[in-house]
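A.B. asks: Structure, please.
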Amino acid sequence: MKKYLLIGASAFVLGAGSMAYVSQQAIASSQPRAKTYRMLGLFGDVLNTVENQYVTEVDDTKLIQSAIDGMLTSLDPHSGYLKPEDFDDMRDQTRGEYGGLGIEVTSEDGVVKVISPMDGTPAFRAGIKAGDYITSVNGQSVLGLTVTEAVKQMRGRPGEPVTLTIAREKSDPFDVKLVREVIKPKSATARLEGDYGVLRVGSFNEKTTDETEKAFAELKAQNPNMKGLILDLRNNPGGLLDQAVGVSDLFLENGEIVSQRGRDPRDIERYNARTGDITGGLPIVVLINSGSASASEIVAGALQDRKRAEVVGTTSFGKGSVQTVIPLRGGIDGALKLTTARYYTPSGRSIQKTGIEPDLEVALTREEAQLIANRAYQFSEASFRNALNADEGKVRRGAHEPAEAPPEDFDEKKDFQVARAMDVLKHGSVAATPKLPKPTARMAEIVNKSRVAEAKPPAPVVAPK
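C.D. replies: Numbers count the residues shown, from 1 in each chain. Take a look at the predicted model:
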């Protein structure tokens, strides 16, 4: 609110001085303004035609809300209109408690796509994966619906069953039966593996910084002589900016964490760490993957740039923008979720579309390594047609063989990325950690076959009848 008041005051002060050239301004702006009024008139004509001639009666409110949402979603994948009930749901989610399934979703060409299931939720336990398409809910198609409309169908009273139809790469569509729960995802959990701690942060809601600090304190109480920490941000879809700053601050002594910059190049807001590292300087490795987005990328980028941690895993999602939720009439008419800034890591880099690249690239499975090598499946910010452009000249890394993948004799019940993160902690750095052999020739053969298959037109994703 303060920002709006400052702008208003400035306009009032400048009023007297601008009187002398008001006519020139009016001439310069009259044509664009006239075009805007003409297009608004066109909108009114279309609305009137639909009201009078559509095959069934229509609800004016729904039509206008859909038009507003369409205008905003045309800007970028993360802007949109929140109806009053959707605005309430969003506030419940950021408070860390709501009734639903625990899935972070987005919309891609009118199809609902999973960004990530949240830890410990019905969706997570049912095996729903990042990149899955949700084509229907309880037999009702959600194709063409907005994200907020689709989410509304998935949320509801705890205890009620829900059936989702899932379309997955290289699989026929299948149904998944779930039961709604009160979603109170504990955003931070921790466990000990020998002398090392593994601190998992699954999302960024209003409780995340406090829960992260508490989880680390529990680790320290169990083993006061802990030798290092793995901060696991894999499949963390993001959340609140202030919580990303808060979690980063827990591990930094001082200096910049992140900056955000709006349309005006002079409009820069910087967030800095306060004195005090809760680990006392313990070595840290951050784990990321393509499901690590937004707020989790801020944390990974801050610790990487400040040389506080090394990063292991695969390249992150690449969402380098900040959305501001702007209530309309105090929320009575819902709210706008509007992209208002890009964020930049401490070194000044934007990761929009490109993502955070790990210091040691490690695929979780041999199958994932093959997919990265042949690009048969890579879901990221760069996948969206209307995503904000990356910095000039920067592109996301293309198809390549990841540096490491699990060897043939690796126990599939174990987490290979955690194992390699542990190796980095034990050896003191990525540079000092002995590297594993490159992925085998067998994997390259599979990749070549996949590339041949890619040359054929892909089968369309069809919603089941």
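
A.B. asks: can you pull the contacts of residue 175?
C.D. replies: Contacts were defined as Cβ atoms under 8 Å, 6 or more residues apart in numbering; by that measure residue 175 touches 163, 164, 165, 166. C-beta here means a position set from N, CA and C on the backbone, and glycine is covered the same way.

A.B. asks: Let's see if you can find the most crowded of those.
C.D. replies: The most crowded member of the contacts of residue 175, judged by other Cβ atoms under 10 Å, is residue 164 (25 neighbours).

A.B. asks: what is residue 200 paired to in the beta sheet?
C.D. replies: Beta bridges link residue 200 to residue 189, residue 232, judged by DSSP bridges.

A.B. asks: so it sits right up against residue 190, yeah?
C.D. replies: Yes: judged on Cβ atoms under 8 Å, residue 200 makes contact with residue 190 at a distance of 6.9 Å.

A.B. asks: Which parts of the stretch 301-450 of the chain are helices?
C.D. replies: Residue ranges of the helices in the stretch 301-450 of the chain, as given by DSSP state H, counting those that start in this stretch, are 366-374, 416-427, 441-454.

A.B. asks: Which other helices and strands does the second one contact?
C.D. replies: Looking back up the chat, that one is helix 416-427. When contacts are defined as 3 or more Cβ pairs under 8 Å, 6 or more residues apart in numbering; DSSP states H and E, helix 416-427 packs onto strand 196-201, strand 228-232, strand 284-288, strand 309-313.

A.B. asks: The helix or strand just after the first one packs against which elements?
C.D. replies: What it means is strand 196-201. Going down the chain from strand 196-201, the next helix or strand is helix 208-222, by DSSP states H and E. Applying 3+ Cβ pairs under 8 Å, 6+ apart, one finds that helix 208-222 contacts strand 188-193, strand 196-201, helix 241-250.

A.B. asks: could the ones you listed be laid out in a markdown table, adding distance to residue 276, mean neighbour count and mean pLDDT?
C.D. replies: Formatted as a markdown table, these follow (distance: least, Cβ to Cβ, whole Å; neighbours: other Cβ atoms under 10 Å; pLDDT from 0 to 100):
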| stretch | distance to residue 276 | mean neighbour count | mean pLDDT |
| --- | --- | --- | --- |
| strand 188-193 | 18 | 17 | 95 |
| strand 196-201 | 17 | 23 | 98 |
| helix 241-250 | 8 | 22 | 97 |
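
A.B. asks: re the thing from before, strands - which of the contacts of residue 175 land there?
C.D. replies: 163, 164, 165, 166 (DSSP state E).

A.B. asks: pretty sure the last one is touching residue 178, no?
C.D. replies: Spelled out, it's residue 166. No: assessed by Cβ under 8 Å, residue 166 is found out of contact with residue 178, at 11.0 Å.

A.B. asks: What are the neighbouring residues in contact with the closest residue to residue 303 other than its chain neighbours?
C.D. replies: Leaving aside its sequence neighbours, residue 303 sits nearest to residue 309 (Cβ to Cβ, 6 or more residues apart in numbering; 3.9 Å). Residues counted as contacts of residue 309 (Cβ under 8 Å, 6+ apart) are 231, 251, 283, 284, 285, 286, 303.

A.B. asks: So what sits opposite the nearest residue to the third one once chain neighbours are set aside in the bridge?
C.D. replies: Spelled out, it's residue 283. Nearest residue to residue 283, sequence neighbours excluded (Cβ to Cβ, 6+ apart): residue 228, at 4.5 Å. According to DSSP bridges, the partner residues bridging residue 228 are residue 196.

A.B. asks: isn't residue 228 right next to residue 281, touching?
C.D. replies: No: look at residue 228 against residue 281 with Cβ under 8 Å: they stay out of range, at 10.6 Å.

A.B. asks: higher neighbour count, the two?
C.D. replies: Set residue 228 next to residue 281 and count neighbours by other Cβ under 10 Å: residue 228 wins out with 18 against 9.

A.B. asks: measure the more buried one to residue 292 for me?
C.D. replies: 20 Å (Cβ to Cβ, to the nearest Å).
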